[in-house]
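Trainee: Fold the following for me, if possible:
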Amino acid sequence: MSKFPKTVGLSDDRLLTLRELAAYLSVNERTLLKLVSEGDVPGVKIGNQWRFRKAMIDTWLDDQMLGVAPRRFEVRGAPSAPQRMLALESCFQPSHILPELVATTKLGVVEELAALANRLGLVGDETWFVHALIERENIMPSAVGNGVAFLHTMYRHPEHVVRPFMVLGRSARGVDFDALDGKLTHLFFVLGLKFHELHLPWLAKLSQMFARAEATQALLEAPDATAIFEVLCGVERNLFPAFQKRPIAS
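Mentor: As a prediction, the model looks like this:
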């Protein structure tokens, strides 16, 4: 039996040696040492030995698959494009949008959007959702630059998510969210995906939709939640023509 199961609990924050990490990633130890030494893989050197937090490695792998972090080796199972992806409106509606966030801090943003998800009946445990989102943020920030952050939990716990969803908060003045480009973040997409198989495809889709600053600017200029929703659907249709416009659910 593998010592690194695919599904791990919230307490799985062990330290790995270089050899253990090489086995986990299925790469040569010499190759891994080169990547670590060059700063491409997150780790810390204690004396003359490298150690790695498994939770941080798993989060870094997510970002590798999304193209958020520069890819220096082939990530198995990385999606080249979202396939058989649900349309945006299947998990998202104008009622899921806060056009102007009150919060001015990272924790405040998380709490405000988790409260929205709770009011909409999308999560069964608001406290768990806040803690799970913050846990991921503490390991690796979700703000990818271009004024956008894609918040999600490190581990899928379907018992706490009523159905797959996305909520969105917008801050015109911006919030310091430890973005990769050092700038303020204005758009906060929070994903409650329920099922693990939706996780990377949804993140990859959103990452493609907001790879260019024009999409962010269009959302910032939209006057209200309905307009924000229509802009998002338009960006989706432009990139993925298979998703045709459907009536907005009431």
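Trainee: For the protein, which segments count as helices?
Mentor: With helices called from DSSP state H, the chain shows them at 18-25, 29-37, 54-66, 106-119, 126-139, 196-209, 213-221, 225-239.
Trainee: Serialize these to TSV and add fields for distance to residue 94, mean pLDDT and mean neighbour count.
Mentor: C-beta here means a position set from N, CA and C on the backbone, and glycine is covered the same way. What follows is these, written out as TSV (distance: least, CB to CB, whole Å; pLDDT from 0 to 100; neighbours: other CB atoms under 10 Å):
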stretch	distance to residue 94	mean pLDDT	mean neighbour count
helix 18-25	42	90	17
helix 29-37	44	86	14
helix 54-66	26	70	19
helix 106-119	12	97	19
helix 126-139	21	91	18
helix 196-209	17	72	19
helix 213-221	13	93	16
helix 225-239	4	92	18
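Trainee: Quick one: those as a markdown table, columns for distance to residue 145 too.
Mentor: Formatted as a markdown table, the helices of the chain follow (distance: least, CB to CB, whole Å):
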| stretch | distance to residue 145 |
| --- | --- |
| helix 18-25 | 25 |
| helix 29-37 | 22 |
| helix 54-66 | 12 |
| helix 106-119 | 16 |
| helix 126-139 | 16 |
| helix 196-209 | 11 |
| helix 213-221 | 9 |
| helix 225-239 | 17 |
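Trainee: Residue 95 is nearest to which of those?
Mentor: Closest approach to residue 95 among those (CB to CB): helix 225-239, 7.5 Å.
Trainee: Out of the helices of the chain, the one nearest residue 99 is which?
Mentor: The closest of the helices of the chain to residue 99 is helix 225-239. By CB to CB, the value is 5.2 Å.
Trainee: strands paired with the biggest strand by length in the chain, and their directions?
Mentor: Longest strand in the chain, counting residues (DSSP state E): strand 165-175. Each strand paired with strand 165-175, and its direction, by DSSP bridges: strand 97-98 (parallel), strand 185-192 (antiparallel).
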